[in-house]
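>>> structural data only, the sequence is not supplied:
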């Protein structure tokens, strides 16, 4: 295994954890009842205060080997279980996750984001290309936990255990589609291409020359859906024997509640109405679908008290759906006593203007900040410079609600779809040394944990995982793996074994999280860009509130930098939160700092009481 460096000091980790405990007293370590003060403190905590940890339960920890096959019998094509194949179930479950909450909390995490844990169709794909639903995005039953992961009682135990520690739980939810169940008569190989509305309008059977059907139906949100009586305007949908009632709630089994136009072409109307790689695309304009999903996901709030939703494939759903769904869900959460329910949507677009559009037009409260991710990636791989991040931050006012909304946008270095930041660095710099790989990975995480927004840590990054690419190649096992392509990954920094709290990246993330917890401005302060170099070098931002200024300086250069940074005139005296900071400003409105190569520092100036 490559990527070995010196062993870190356990005393250092203990000190970081002590700082975390002091900085965020709301994070309790002893269980309490559901009505306890720690739970109320958790409910009152705004979304921008969180450090989020995103994981796939199947790949995290195996707490019960009895559920590895999900209660199914047969080979891997029947059960979905094959721990040697990156595309199948590996055995992780909710009991295993619950048992590892101390490990997660130890790096300063305050919220869990869990990939969809609902019942999935175990295996999909054409012969010879099958894979399993270990990731959770092929849902058939939206009301139950998938047996591969445990039971609804196991989920309740997880939420209660997390809440007892002051940790929130965010559910990853899917609305755009279900598992691939519906077939089309016209293409027995299940490979139908998209059929456009201009060629196959709703009011003709199978094309412009077809028989009249669905008189008066337009398919527009708010129109009369009672006139949709025939779903065979483009293709003739049918359900294979034995799967007629596989979806739960039962209304999901009505083929008339799906667009039925074939696989998406990924542009224009097909982006909204096409099947996502064969997955059944719901007719989200239909009021029955809107009402049904409000009820389904509202139930997870009512029954389990979850604290937020990450919404998968949100850009493929019509805006009118979100305009109804979001207010209803927020109201359900308030009725449950959750005033800070965090909804963040996946829109997968690297332009901040497009992301902001989904908050302005769709009414989505926040979106995952892919534009921020790309700026971070470019800065730490050398493909871009700090000025791009400077411009990005200055655009924060374009979101609905302005710059305050931007403080609640989840930011991240990489994920389960695009791949890990370690892989992205190695792709750009394949000959990089172990020490520089560690420094660049740490800098990427610093830009997320100490920058603007709600930081998301992708599970395994704290153990130095890199991976070989995107999708299943970035979804490694946290436990001892049996997948050869996972076992031979290059690692970032040291890691003695699974769940090593002394791993280099774990220790560095814990230090950053502790700093973020200790300084409210790093979480909620107004952002001002001070310096943003057009070459590899310095990005400096100030976080301001009525009590003072916190200055964060990053260096993307491989050389140390001495720089004079503009600050508030009243910020005269400084103390260091991370790194070496001067005791006083060099002059009114300017402070001189020295930033290590590929390093970062956090300096605090507070007004006298």
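The structure has been received and is ready for your questions. The structure presented is a predicted model; accordingly, all values stated were derived computationally and were not measured. Numbering: from 1, shown residues only.

>>> number of nearby residues for residue 579?
The burial count assigned to residue 579 is 17, neighbours taken as other Cβ atoms under 10 Å. Backbone N, C-alpha and C define where each C-beta goes, glycine included.

>>> how about residue 381?
19.

>>> need the contact list for it.
The contact partners of residue 381, taken as Cβ atoms under 8 Å, 6 or more residues apart in numbering, are 424-425, 427-429, 440.

>>> then residue 394?
Residue 394 neighbours (Cβ under 8 Å, 6+ apart): residue 529.

>>> over to residue 372?
With Cβ under 8 Å, 6+ apart, residue 372 has these contacts: 389, 392, 409, 411-412, 448, 451-453.

>>> just those residues: which are in strands?
Within the contacts of residue 372, residues falling in strands by DSSP state E are 411-412.

>>> out of the contacts of residue 372, who's nearest residue 488?
Set against residue 488, the nearest of the contacts of residue 372 by Cβ to Cβ is residue 412 (25.4 Å).

>>> so what's that closest one closest to, chain neighbours aside?
Leaving aside its sequence neighbours, residue 412 sits nearest to residue 456 (Cβ to Cβ, 6 or more residues apart in numbering; 4.2 Å).

>>> what about that neighbour, how many residues nearby?
Neighbours of residue 456 (other Cβ under 10 Å): 28.

>>> tell me how many other residues crowd residue 188.
Neighbours around residue 188, by other Cβ under 10 Å: 9.

>>> surely it is within a strand?
No - using DSSP: H, G, I helix; E, B strand; the rest coil, the assignment for residue 188 is coil, not a strand.

>>> heads up, I number from 298, so please use that
Understood, numbering begins at 298; the last thing we discussed is residue 485.

>>> quick one: it and residue 532, what's the gap?
According to Cβ to Cβ, to the nearest Å, residue 485 stands 12 Å off from residue 532.

>>> for stretch 603-623, the distance to its chain's centre please.
Stretch 603-623 has its average C-alpha position 14 Å from the chain's average C-alpha position, going by Cα atoms, centre = their mean, to the nearest Å.

>>> what do you get for stretch 505-520?
The answer for stretch 505-520 is 38 Å, by Cα atoms, centre = their mean.

>>> and if you look at stretch 432-443?
18 Å.

>>> can you give me the buried ones in stretch 890-900?
Judged by neighbour count using 16 or more other Cβ atoms under 10 Å, the buried positions of stretch 890-900 are 890-892, 895-900.

>>> now intersect the residues you listed with the strands, please.
Using DSSP E, those in strands are 890-892, 897-900.

>>> can I get the residues you listed in a markdown table with distance to residue 855?
Output for those, formatted as a markdown table (distance: Cβ to Cβ, whole Å):
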| residue | distance to residue 855 |
| --- | --- |
| 890 | 18 |
| 891 | 15 |
| 892 | 12 |
| 897 | 14 |
| 898 | 17 |
| 899 | 21 |
| 900 | 22 |
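
>>> just give me the closest of those to residue 415.
residue 897 (39.3 Å).

>>> how close does that closest one sit to residue 872?
For residue 897, the distance to residue 872 equals 16 Å [Cβ to Cβ].

>>> of the ones in strands among the buried residues of stretch 890-900, which pair is most distant in space?
Distances among those were taken as Cβ to Cβ; the most separated pair is 891 and 899, at 13.9 Å.

>>> got a list of what the nearest residue to residue 384 once chain neighbours are set aside touches?
Counting by Cβ to Cβ, 6+ apart, residue 384 lies nearest to residue 428, which is 3.6 Å off, once chain neighbours are set aside. Residue 428 sits next to 384-385, 420-422, 769 when contact means Cβ under 8 Å, 6+ apart.

>>> filter those residues down to the ones in helices?
Among the contacts of residue 428, DSSP state H puts none in helices.

>>> give the buried subset of these as a PyMOL selection command.
A single PyMOL command selects the buried members of the contacts of residue 428 (16+ other Cβ under 10 Å):
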select buried, resi 384+385+420+421+769
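
>>> which of the contacts of residue 428 fall within strands?
Reading strands off those with DSSP E, I get 420-421.

>>> closest to residue 552 among the contacts of residue 428?
Among these, and counting by Cβ to Cβ, the member closest to residue 552 is residue 421, at 17.9 Å.

>>> now do the same contact list for that closest one.
427-428, 430, 435, 476-477, 575.

>>> so which of those comes closest to residue 335?
residue 430 (34.9 Å).

>>> my guess is the closest one contacts residue 420. True?
Yes - with contact defined as Cβ atoms under 8 Å, residue 430 reaches residue 420; the gap is 7.4 Å.

>>> quick one: distance of the helix or strand containing residue 619 to the chain centre.
Of the helices and strands defined by DSSP states H and E, residue 619 is found in helix 616-632. With Cα atoms, centre = their mean as the basis, helix 616-632 stands 20 Å off its chain's centre.

>>> what sits up against that helix?
Under Cβ under 8 Å, 6+ apart, the answer for helix 616-632 is 472, 518-519, 581-582, 586-587, 590-591, 594-595, 598-599, 606, 611, 636, 638, 640, 642, 658-662.

>>> just the buried positions in that helix, please.
616-619, 621-623, 625-627, 629-630.

>>> between those, which is closest to residue 443?
In terms of Cβ to Cβ, no member of the buried residues of helix 616-632 lies closer to residue 443 than residue 626, at 22.4 Å.
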